[in-house]
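**Q** I'll drop the sequence and a predicted model, then ask my questions.
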Amino acid sequence: MQRTSKPQRLRARTFPSMGTVVSLTVASTAPAETAVDEVESAVEVVEGIFTQLDLTFSLYRAGSEASRLNRGELALASASDTMKELYSEASEWRLATEGAFTAERPDGGLDLSGIVKAHAMREAALSLRAIGLQDWCVNAGGDVLVSGSPDPGHTAPDTREPWLAGIVDPLNRQALLGAFPLGPLSALATSGSSERGEHIWAVGSSRPEFAQVSVAASDIVTADVLATAIVAGGTNALDRSVEGWGVEVLAVRRDGTLLSTPGFREAA
């Protein structure tokens, strides 16, 4: 049967932030002019959230609040509410992951970069829904948070096609390991050394066991934190994450061997 082509429903915009590229894709059934206005308004909102958080938490900005904290010019007790709230959340994750995820660098400095990007995506989701958008995808450096479907209004809600999140092969960045459908699970985060180098501190080892870990979860902070925790903590952290949070995991050992939970095997 010949399939008729669908009208263009996806519109995307990108902007640089937090040392990576952030993209926002909006799916809309509105007329073309209205859909363009929707995505322009949406990207302005999302970029504003990322920019403000980067100004606060970036350790590459000498004047940021995070940099002032690490230089001892500002006490945590006197920091902004956002800084204290994210530090508290990161501390809770450190306990929950038995130290596999931590906001303290080996030199004792505070580094909340392991959670702030996911927090920005979480805040972006709240704002996008507040302005009435239900079908969108935010991709921040390979971490993906979605809502709805890339094909809204075409079929019944429970039969709409899912957003697909591609996972790059860390041993060959021109290839994909696969594409994971984000339906009931709405977030996927990937951590490892293939893109940003050795920036994750391994637990009890000089070098992480995994080159890359992807985690699919119901929220982006859980996915991002656990992906980092598994890289840092190895197989033990992977087992704890699956048992404790029910997430789906695709882990790549340094020799290319894959470890995957059933959800990723079904998607392959």
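**A** Cool, the structure landed. Numbering: from 1, shown residues only.

**Q** burial measure for residue 21, as a count.
**A** By other C-beta atoms under 10 Å, 13 other residues sit near residue 21. To be clear about C-beta, it is placed using only N, CA and C from the backbone, and glycine gets the same treatment.

**Q** That one contacts residue 14, correct?
**A** Yes: the pair residue 21 / residue 14 is scored as a contact, 5.6 Å apart, by C-beta atoms under 8 Å.

**Q** Count residues in the vicinity of residue 83, would you?
**A** If you count neighbours by other C-beta under 10 Å, residue 83 ends up with 20.

**Q** I'd say it and residue 56 touch.
**A** Yes: with contacts defined as C-beta under 8 Å, residue 83 counts as touching residue 56 at a distance of 6.7 Å.

**Q** Touching both of these two, which residues are there?
**A** Jointly contacting residue 83 and residue 56 under the rule C-beta atoms under 8 Å, 6 or more residues apart in numbering are 65-66.

**Q** Need the three-state assignment for residue 23.
**A** strand (DSSP: H, G, I helix; E, B strand; the rest coil).

**Q** Provide the partner residues of it in its beta bridges.
**A** Residue 23 has these beta-bridge partners by DSSP bridges: residue 14, residue 139.

**Q** which ones are touching it?
**A** Residues in contact with residue 23, defined by C-beta under 8 Å, 6+ apart, are 12-14, 137-140.

**Q** rerun that using 10 Å as the cut-off
**A** 12-15, 43, 46, 137-141, 144 (C-beta atoms under 10 Å, 6 or more residues apart in numbering).

**Q** Just list the residues touching residue 178, thanks.
**A** Per C-beta under 10 Å, 6+ apart, neighbours of residue 178: 164-167, 169, 214, 250, 258, 260, 264-265, 267-268.

**Q** which of the residues you listed lies closest to residue 220?
**A** Checking the contacts of residue 178 against residue 220 by C-beta to C-beta gives residue 165 as the nearest, at 11.5 Å.

**Q** thinking again about what came up before, please check the contacts of residue 23 and keep the buried ones.
**A** By neighbour count, with 16 or more other C-beta atoms under 10 Å, the contacts of residue 23 hold 13, 43, 46, 137-141, 144 as buried.
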